[in-house]
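Q: sequence unknown, structure follows:
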């Protein structure tokens, strides 16, 4: 299994976004995670195309964009064109996941799909062969600073087993309540990429926290 940490820019200081992006760029993190929220699919609103473009200019790292928005098929291509290397949409937000994947790929990015805590892994069976990545939400999407839902470990293991059963090397990403305190067991359950917001940006030494998570 690979181990990647993706600091979430949702927890960065928006008044010093370029500074915090460059901090991530200089750290051992390989990915930069960007949460896009529309105030409809989830209660909060975050940022869109202009901020993504600014982050793209400030880092050469892999840009991992997580869309928590309704009707993602209207926007996935635009996020890819704005600089996303990977665009992830929510399975619960569209009636046409295959169409979303096709639009993302046509725009030149990798495609991911995410599921909320209440959505079973089995719901992914049809779309799993089409995507590069599955993002398992280990908290309810839309808010930072929540505690990790323990049942997520079993969900990660189920997803890894399903991918193996289907002969797939799906990347499994996990987002919510992650830090160096629980990173080891989440990687151990089958995850490849851990998203961390408060744990990184709230640390006295953010770069050191990234290393701790990678070595957990």
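A: Nice, I can see it. Just so it is clear, the structure is predicted and the values come from calculations on it, not from any experiment.
Q: tell me the pLDDT at residue 144?
A: Per-residue pLDDT puts residue 144 at 68.
Q: next one: residue 51
A: Listed pLDDT for residue 51 reads 88.
Q: can you get me a residue count around the residue nearest to it when sequence neighbours are not counted?
A: Distances taken as C-beta to C-beta, 6 or more residues apart in numbering place residue 17 nearest to residue 51, at 7.2 Å, with adjacent residues excluded. Yep, even glycine has a C-beta here, placed from its N, CA and C like the rest. For residue 17, the neighbour count with other C-beta atoms under 10 Å is 16.
Q: with residue 167 instead?
A: Other residues close to residue 167 by other C-beta under 10 Å number 7.
Q: likewise residue 169?
A: 8.
Q: which parts of the chain are helices?
A: In order along the chain, the chain carries the following helices (DSSP state H): 17-26, 49-58, 76-81, 97-106, 152-165, 183-189, 198-201, 206-214.
Q: looking at the ones you listed, which is buried most?
A: Ranked by mean neighbour count, those are led by helix 198-201 with a mean of 23 (mean count of other C-beta atoms under 10 Å).
Q: show me what that one is packed up against.
A: Applying 3 or more C-beta pairs under 8 Å, 6 or more residues apart in numbering; DSSP states H and E, we find helix 198-201 packed against strand 4-7, helix 206-214.
Q: in CSV, list these along with mean pLDDT and distance to residue 113.
A: Formatted as CSV, the helices and strands packed on helix 198-201 follow (pLDDT from 0 to 100; distance: least, C-beta to C-beta, whole Å):
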stretch, mean pLDDT, distance to residue 113
strand 4-7, 96, 16
helix 206-214, 95, 24
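Q: one step back: so which of the helices of the chain comes closest to residue 89?
A: Residue 89 sits nearest to helix 97-106 of all the helices of the chain, at 5.1 Å, using C-beta to C-beta.
Q: what's the closest one in contact with?
A: Contact with helix 97-106 is made by 72-73, 76-77, 80, 87, 89, 91, 94, 110-111, 113, 126-127, 130-131, as judged by C-beta atoms under 8 Å, 6 or more residues apart in numbering.
Q: what does stretch 3-22 give?
A: Contacts with stretch 3-22, where a contact means C-beta under 8 Å, 6+ apart, come from 24, 27-35, 46, 51, 54-55, 58-59, 64, 144, 173, 175, 183, 187, 192-198, 200-202, 206, 210, 213-214.
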